[in-house]
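[1] with the input below, show me the fold.
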Amino acid sequence: MILRLTEEQMRLLKEEAKNSYLNEVCGLLFGNINGKKAISKRTTVVQNILESATRFQIGPEEFIEALSAAEKNGMQLIGFFHSHPSITDATPHPSITDIRYMKLWPKII
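    Numbering: from 1, shown residues only. From the prediction side, this is the model:
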């Protein structure tokens, strides 16, 4: 699947990851999926309630609030974002935990 983010969305995600480098930063991507193309219209940074460098969890209240706001504007959840501050190599890759939980959300990024 191809994901389209604006430069502003990319800047926001990079800035949040840089500013909170001790913990994984997480966010929600909202927009629309058409075939094999996902277009992000809104990127929402949310709190990692675990405050961990190796794991993340989004609080249910914050998740539902962001999802409801997006749906009122005709958008759907198209993906999750999180950083991996503890990875030292330059090649990003999903962790074993990421892969396990990605199976719960097969139609989103």
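[2] look up which residues are beta-bridged to the residue lying closest to residue 75 once chain neighbours are set aside.
    Residue nearest to residue 75 in three dimensions, not counting chain neighbours: residue 30, with 4.2 Å by CB to CB, 6 or more residues apart in numbering. In this view, the C-beta of every residue, glycine as well, is placed from N, C-alpha and C. On the basis of DSSP bridges, residue 30 is bridged to residue 42, residue 77.
[3] residues near residue 30, how many?
    Close neighbours of residue 30, defined as other CB atoms under 10 Å, add up to 22.
[4] need the pLDDT of residue 89.
    According to the prediction, residue 89 has pLDDT 64.
[5] what does the pLDDT read for the residue nearest to residue 75?
    Confidence score, pLDDT, at residue 30: 98.
[6] can you check the one 3 residues further on too?
    Per-residue confidence at residue 33 stands at 93 (pLDDT).
[7] what strand or helix carries it?
    strand 26-34 (DSSP states H and E).
[8] just the C-alpha atoms of that strand, please, in CSV.
    Extracted in CSV, the C-alpha atoms of strand 26-34 (Å, rounded to 0.1, in the frame of the first residue of the first chain):
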residue,chain,number,x,y,z
CYS,A,26,2.8,7.7,18.8
GLY,A,27,0.2,9.1,16.6
LEU,A,28,-2.9,8.4,14.5
LEU,A,29,-3.3,8.9,10.8
PHE,A,30,-6.7,9.8,9.5
GLY,A,31,-7.9,10.2,5.9
ASN,A,32,-9.2,7.8,3.3
ILE,A,33,-8.0,4.5,1.7
ASN,A,34,-8.8,4.0,-2.0
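[9] understood, closing this out.
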